[in-house]
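[1] what's the 3D shape of this:
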Amino acid sequence: MARAVVIGGGIGGLTAAAALHQRGWKVTVLERAAALEPVGAGISLAPNSQRALDTIGVGDEIRDLAAWQGDGGLRTPSGRWLSRTSSKAAAERFGGTIVLLHRATLVETLRVRLPEGAVRTASAATLTDPGGPDRPAVVSTPGGAVEAELVVGADGINSGVRRALFPAHPGPEYAGFTTWRVVVPAPARPFGSHETWGKGQLWGTHLMKDGRAYAYAAARAPEGGHAPDDEKAELQRRFGTWHHPVPDILEAVRPDHVLRHDVHYMRQALPAYHRGRTVLLGDAAHAMPPSLGQGGNQAIEDAVVLAHHATPTADPGAALASYTRDRLPRTMDIVRKSARTGRMTTLTSAPGVLLRNALIAGVNTLAPHLVLRGFDGIVDWRPPSEAGSPATYAAEAERQ
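    Numbering: from 1, shown residues only. I've put the predicted structure just below:
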């Protein structure tokens with residue numbers, strides 16, 4: 001049986017492992033961390049990634065576990081609505097709506113799709129040979145070298161696999177802003193989903209199905225910065241006077257449960273997403289700002305498209321070239337759109353903020369459909385039709 005090694009046990013890596021397993025590969029996931037313990041944050045899954053998850057048989061399960069995003073919109077720090085969004089209109093346009101769940105829930109749902117022992121934690125892995133037409137790829141691990149017909153680099157924004165494949169590439173660069181994420185018990189006073197844009201900073205709050213609230217914030221800041229005391233205090237200084245439910249969320253935050261990360265993105269595209277028998281996906285290939293909420297969604301897309309092309313009996317060179325052809329233009333277009341949106345959301349010029357807000361309010365009044373049109377070509381994506389259903393995967397695996 002052909003062997004695939006996935007380096008990285010995050011959402012993209014586990015989705016790829018599950019999809020490849022259904023295609024008939026013997027899959028091993030090598031995760032550097034001691035356990036599959038994703039960061040304590042939520043993830044929004046748009047219709048595009050939900051359809052991708054449908055191809056491996058977990059879409060309905062995820063939708064059952066997640067909170068469906070209702071109506072919401074964009075606000076100013078005082079609470080004034082700049083625009084309203086309709087979940088019904090989005091569902092009609094894109095064939096579904098966004099769902100929100102904790103990353104740990106998604107990771108566990110994917111993990112249990114794999115055979116016992118397929119995921120190896122505390123297993124740092126280094127690509128030592130990307131492989132070629134007549135030789136397997138080679139990965140070094142604490143237990144020795146592992147050969148594989150396919151290696152998937154899903155090792156994140158600081159990918160060692162990417163550096164091994166393309167050592168001359170500069171890698172991701174700082175986007176100019178940092179982010180915070182928290183998950184807390186939902187405030188007693190009701191609130192609706194929203195994103196709030198201020199001067200050089202933003203805040204978003206959404207309710208999860210388990211009764212907790214997921215909130216995120218972003219602000220222009222020097223790279224590598226940290227709060228002089230703790231990150232909860234920093235958030236209170238920046239956002240403590242903003243509209244409900246922001247103060248209540250901040251009051252419920254434990255200082256040691258605030259996640260802060262600078263945002264880096266792949267401004268310069270890689271020459272390809274593969275070399276030899278080794279392929280990249282997710283942040284390792286196309287790290288993007290979170291401004292369109294598509295980072296994890298695109299990693300999931302990558303995974304099912306890879307499994308579509310890379311059958312165990314396919315020529316690896318042709319299969320991975322097809323994957324690059326399908327994924328590189330699309331993902332880099334979304335990287336660029338996310339970067340532009342990130343710059344707009346974190347404007348620091350007072351006149352620029354006033355103009356931005358006036359334009360948003362005007363568009364919302366005169367042509368509300370334009371907001372949704374901005375996601376055309378992104379969330380209406382569908383997996384390759386040949387990827388089929390789990391039953392199709394199983395039948396193909398049986399024939400092979």
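
[2] where exactly do the helices run in the stretch 251-400 of the chain?
    When assigned using DSSP state H, counting those that start in this stretch, the helices of the stretch 251-400 of the chain occupy the ranges 283-286, 295-309, 316-345, 350-366, 369-373, 390-399.

[3] right, and these - which one's nearest residue 212?
    Nearest of the helices of the stretch 251-400 of the chain to residue 212, taken as C-beta to C-beta: helix 295-309 at 18.6 Å. C-beta: built from backbone N, CA, C; applies to glycine.

[4] From the chain's centroid, how far away is the closest one?
    Relative to its chain's centre, helix 295-309 lies at 11 Å (C-alpha atoms, centre = their mean, to the nearest Å).

[5] Just the angle for that helix relative to helix 316-345, thanks.
    Comparing the axes of helix 295-309 and helix 316-345 via axes from the mean of the first three to the mean of the last three C-alpha atoms, to 10 degrees yields an angle of 160 degrees.

[6] Let's see helix 295-309 as CSV, backbone CA atoms only.
    The C-alpha trace of helix 295-309 is given here as CSV (Å, rounded to 0.1, in the frame of the first residue of the first chain):
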residue,chain,number,x,y,z
GLY,A,295,-7.1,30.8,6.2
GLY,A,296,-8.4,27.5,7.6
ASN,A,297,-11.1,27.2,4.9
GLN,A,298,-8.4,27.3,2.2
ALA,A,299,-6.3,24.7,4.0
ILE,A,300,-9.4,22.4,4.0
GLU,A,301,-9.9,23.1,0.3
ASP,A,302,-6.2,22.3,-0.4
ALA,A,303,-6.6,18.9,1.4
VAL,A,304,-9.5,17.6,-0.6
VAL,A,305,-8.1,18.9,-3.9
LEU,A,306,-4.8,17.2,-3.1
ALA,A,307,-6.6,13.9,-2.4
HIS,A,308,-8.5,14.3,-5.7
HIS,A,309,-5.4,14.5,-7.7
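
[7] how about that helix: buried residues?
    295-309 (16 or more other C-beta atoms under 10 Å).

[8] which strands and helices sit next to it?
    Packing partners of helix 295-309 (3 or more C-beta pairs under 8 Å, 6 or more residues apart in numbering; DSSP states H and E): helix 11-23, strand 42-45, helix 47-54, helix 283-286, helix 316-345.

[9] Okay, angle between the third one and helix 295-309 too, please.
    It refers to helix 47-54. Using the same axes, to 10 degrees: helix 47-54 against helix 295-309 is 40 degrees.

[10] Which element is encountered next along the chain beyond helix 47-54?
    Counting by DSSP states H and E, the element after helix 47-54 in chain order, helix or strand, is helix 59-65.

[11] Go through that next one and flag the buried ones.
    59, 62-63, 65.

[12] low pLDDT regions in the stretch 251-400 of the chain?
    385-400 (pLDDT under 70).

[13] how many other residues sit next to residue 135?
    Here the number of neighbours of residue 135 (other C-beta atoms under 10 Å) works out to 12.

[14] Would you mind naming the residues that bridge with it?
    Here residue 135 shows beta-bridge partners residue 132, assigned using DSSP bridges.

[15] Likewise for residue 278?
    Residues in beta-bridge contact with residue 278 (DSSP bridges): residue 151, residue 275.

[16] Assess the claim that residue 279 and residue 320 are in contact.
    Yes - counting by C-beta atoms under 8 Å, residue 320 is a contact partner of residue 279 at 5.2 Å.

[17] Surely residue 292 and residue 334 touch.
    Yes - if you go by C-beta under 8 Å, residue 292 and residue 334 touch, sitting 6.7 Å apart.

[18] Can you work out which residues contact both of those two?
    residue 378 (C-beta atoms under 8 Å, 6 or more residues apart in numbering).

[19] Pull the most distant pair out of the buried residues of helix 59-65.
    With C-beta to C-beta as the measure, no two of the buried residues of helix 59-65 lie farther apart than 59 and 65, at 11.0 Å.

[20] Just to check, residue 7 is in contact with residue 17?
    No - the pair residue 7 and residue 17 does not pass the contact test of C-beta under 8 Å, sitting 10.7 Å apart.
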